[in-house]
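Trainee: can you look at this prediction? I've put the sequence above it.
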Amino acid sequence: MQPEEFRAAAHELVDWIADFRARVPDLPVRSTVAPGQVRDALATAPPEQPQAFDDLLRDLSDVVVPGLTQVQHPGYFAWFPSNASLASVLGDLASSGLGALGITWQSAPALTEVEEVVTDWLRELTGLSDAWHGAIHDTASTGVLVAMLAARERASGLSETRGGLQAEPAPLVVYTSTQAHSSTPKAVLLAGFGRDNLRMIDVDPATFAMDVDALRRAMADDVAAGRRPAAVVASVGTTGTTAVDDVAAIVEAAREHGAWVHVDAAMAGSAMLLPECRWMLDGVEGADSLGWNPHKWMGTILDTSLLYVRDVEHLVRVMSTNPSYLRSAVDGEVTQYKDWGIPLGRRFRALKLWFHLRLDGAEAIRARLRRDLANAQWLREQAESEPGWQVVAPVPLQTVCLRHIPVVDGAPLEGEVLDEHTLAWCERVNATGRAFVTPAVIGGRWTVRVSIGAEATELADVEELWSLCRAAVVPA
């Protein structure tokens, strides 16, 4: 494809995207395709000759779109917000169009320096001190893995330069809560600590935040048994309930053992744009690393995840490689992001943040976040005032966890029968096509999570969801 052909096709594609976004509210939120339906609708043999762009767009509309859950839909309340602001889409297009090769500063100076600028912008916007230094990764899952690798090497005195963990005299242990995201145990395993050296700490039964006294006991027990506490992962905004761990208390407990503290604020990090929400990160200046995803609630398109660290020198010492073919005369004067993470090559992801912040502005983003927080409180108030409904967890952010407990033959449902009722009415809501919510086990029982935060979601959409929920608990 030559530039002029690209120009014509790109205009068509941008028009298609704009039209698609305009009609998203009219689509079913949850995909209705059956397993294999998309695959069976596509050609089985690869094309040997160029095909018409109109045919490709037709398949995009008729085959691909029905096979997507519409996370930009105003009725999307599942998992977590996964916004893709159109301003950041333009940045993604620019990144792809430039085709920059980000392996060293020399390969793309602008790629490196724009990334430095936007990570500093977001550090300032979220109230972090200038002791923090950030890089853009694909997801928070990668960020927590990098943090665990750095923690491993600090606790072991750079064992990677010797015999690795296999040669260490004492096992290294990592601690997190039972409510931590699944990426944390995965990172601990991939970093080589081993499942036997992962401690899942109990949580407060009311707040679902980590029980710091239980953390202290677990660490003391490990020390007494000859093991060494290496890292603690604190959650600010857990996936299940958006519970907020006490970062300051965790930092204090970890400091007694020299353990690394990583703060996972993947979804909730966006709330730090709001001064009134920064209490959630009290104590973070004593932590070692912090990860959060602008590609969730804030709305910069995937894949845009931030990892901030305080000790860049240690991170680089752990992650760097320096083959002769990548050396340059400016080494030592510039940031080499290849030494801040796992991949060598990197996309110009910073353009997505650069476009998003410049075209939308921080104040508009703050206003939208405050709207979502207010809408979550509205839904909480409705459920708490309605007989038979229960809000099963605090609502510090934008997620409301609902349970309906009907009374049958004079007694409230409980146990597995209640679980069946919960899953049934959740599915009835989703089957309408007007909203999509997801269930989760909280406190041993199934609960329906309502995660408010799609860019298009207004109070009227939350009101419609509440009506759907109330109707769904009374099957036809």
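Mentor: That came through, no problem.
Trainee: name the element Arg371 belongs to?
Mentor: Element membership for Arg371, per DSSP states H and E: helix 362-385.
Trainee: you'd agree Met272 is up against Glu124?
Mentor: No. Here Met272 does not reach Glu124: they are 11.1 Å apart, not a contact under CB atoms under 8 Å. Using the backbone N, CA and C atoms, a C-beta is placed for each residue, glycine as well.
Trainee: just want to know which of the two has more residues nearby.
Mentor: Met272 (23 against 12; other CB atoms under 10 Å).
Trainee: if we can go back for a sec, quick one: average pLDDT of the next helix or strand after the helix holding Arg371?
Mentor: The C-terminal neighbour of helix 362-385 among helices and strands, as given by DSSP H and E, is strand 389-391. Averaged across strand 389-391, the pLDDT comes to 97.
Trainee: contacts for strand 389-391?
Mentor: Arg380, Ala383, Glu384, Val400, Cys401, Leu402, Arg403, His404, Ile405 (CB atoms under 8 Å, 6 or more residues apart in numbering).
Trainee: in the stretch 201-350 of the chain, where is pLDDT below threshold?
Mentor: When residues are selected by pLDDT under 70, those of the stretch 201-350 of the chain lie in 323-326, 329.
Trainee: which parts of it are strands?
Mentor: 228-235, 260-264, 289-292, 305-309 (DSSP state E, counting those that start in this stretch).
Trainee: phi and psi next, for Gly143.
Mentor: phi -60, psi -40 (degrees, to the nearest 10).
Trainee: contacting residues for it?
Mentor: Contacts for Gly143 (CB under 8 Å, 6+ apart) come out as His137, Ser289, Gly291, Ser305, Leu306, Leu307.
Trainee: columns distance to Ala253 and neighbour count on top of these, output as TSV?
Mentor: Rendered in TSV, the data for the contacts of Gly143 read as follows (distance: CB to CB, whole Å; neighbours: other CB atoms under 10 Å):
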residue	distance to Ala253	neighbour count
His137	27	26
Ser289	17	25
Gly291	20	27
Ser305	27	25
Leu306	25	27
Leu307	23	26
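Trainee: what is the nearest of the residues you listed to Glu455?
Mentor: Proximity of the contacts of Gly143 to Glu455, judged by CB to CB, is greatest for Ser305, which lies at 18.3 Å.
Trainee: give the contact list for the closest one.
Mentor: Taking CB under 8 Å, 6+ apart as the test, what Ser305 contacts is 136-140, 142-143, 266, 291-295.
Trainee: same question, Ser270
Mentor: Trp292, Asn293, Pro294, Lys296, Trp297, Met298, Ile365, Leu369.
Trainee: cutoff 6 Å now
Mentor: With CB atoms under 6 Å, 6 or more residues apart in numbering as the criterion, the residues that contact Ser270 are Trp297, Met298.
Trainee: over to Leu373?
Mentor: Neighbouring residues of Leu373 by CB under 6 Å, 6+ apart: Gln398.
Trainee: let's go with 8 Å and repeat that
Mentor: Contacts of Leu373 by CB under 8 Å, 6+ apart are Ala271, Leu274, Leu397, Gln398.
Trainee: okay, the last one and Val146: tell me how far apart.
Mentor: Looking back up the chat, that one is Gln398. Relative to Val146, Gln398 is positioned 27 Å away (CB to CB, to the nearest Å).
Trainee: okay, the two: which has more neighbours?
Mentor: Comparing Gln398 with Val146 by other CB under 10 Å, the one with more neighbours is Gln398, at 29 against 24.
Trainee: next up, phi/psi of Thr239, please.
Mentor: When read as degrees, to the nearest 10, the backbone of Thr239 gives phi -60, psi -40.
Trainee: settle this for me: it is touching His181, isn't it.
Mentor: Yes. Here Thr239 lies in contact with His181, judged by CB under 8 Å, at a distance of 5.1 Å.
Trainee: how about the nearest residue to the most centrally placed residue in the chain, chain neighbours excluded?
Mentor: With distances taken as CA atoms, centre = their mean, the chain has Ala266 as the residue nearest its mean C-alpha position (4.0 Å). Closest residue to Ala266 apart from its sequence neighbours, by CB to CB, 6 or more residues apart in numbering: Ala140 at 4.0 Å.
Trainee: and for that neighbour, the neighbour number?
Mentor: For Ala140, the neighbour count with other CB under 10 Å is 26.
Trainee: just the pLDDT for it.
Mentor: Per-residue confidence (pLDDT) for Ala140: 96.
Trainee: which phi and psi does it have?
Mentor: Torsion angles at Ala140 (phi, psi; degrees, to the nearest 10) stand at phi -70, psi -20.
Trainee: residue contacts, it?
Mentor: With the criterion set at CB under 8 Å, 6+ apart, Ala140 makes contact with His181, Ser183, Asp264, Ala266, Gly291, Trp292, Asn293, Ser305, Leu307.
Trainee: and for Ala135?
Mentor: Taking CB under 8 Å, 6+ apart, we find Ala135 in contact with Glu115, Thr119, Leu306, Leu307, Tyr337, Trp340, Gly341.
Trainee: switch the cut-off to 6 Å
Mentor: Listed by CB under 6 Å, 6+ apart, the contact set of Ala135 reads Leu307, Tyr337, Trp340.
Trainee: number of nearby residues for the second one?
Mentor: By the other CB under 10 Å criterion, the neighbourhood of Tyr337 contains 24 residues.
Trainee: ok, now how distant is it from Gly237?
Mentor: 26 Å.
Trainee: what are the C-alpha coordinates of stretch 432-446, in CSV please?
Mentor: Taking Å, rounded to 0.1, in the frame of the first residue of the first chain, the C-alpha atoms of stretch 432-446 are listed here in CSV:
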residue,chain,number,x,y,z
THR,A,432,-31.5,-7.7,28.0
GLY,A,433,-28.6,-6.4,25.9
ARG,A,434,-29.0,-3.0,27.6
ALA,A,435,-26.4,-3.6,30.4
PHE,A,436,-23.6,-5.9,31.3
VAL,A,437,-22.6,-6.7,34.9
THR,A,438,-20.3,-9.4,36.3
PRO,A,439,-20.6,-11.6,39.4
ALA,A,440,-17.9,-12.3,41.8
VAL,A,441,-17.5,-14.3,45.1
ILE,A,442,-17.3,-11.9,48.0
GLY,A,443,-17.4,-13.1,51.6
GLY,A,444,-18.0,-16.6,50.4
ARG,A,445,-21.1,-15.9,48.4
TRP,A,446,-21.8,-14.7,44.8
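Trainee: give the buried residues for it.
Mentor: Residues Thr432, Arg434, Ala435, Phe436, Val437, Pro439, Ile442, Gly443, Trp446 are the ones in stretch 432-446 that count as buried (16 or more other CB atoms under 10 Å).
Trainee: what's the most distant pair in those residues?
Mentor: The widest separation within the buried residues of stretch 432-446 (CB to CB) is 28.5 Å, between Arg434 and Gly443.
Trainee: quick one: buried residues of the helix holding Arg371?
Mentor: Within helix 362-385, the residues scored as buried using 16+ other CB under 10 Å are 365-366, 368-369, 371-373, 375-376, 378-380, 382-383.
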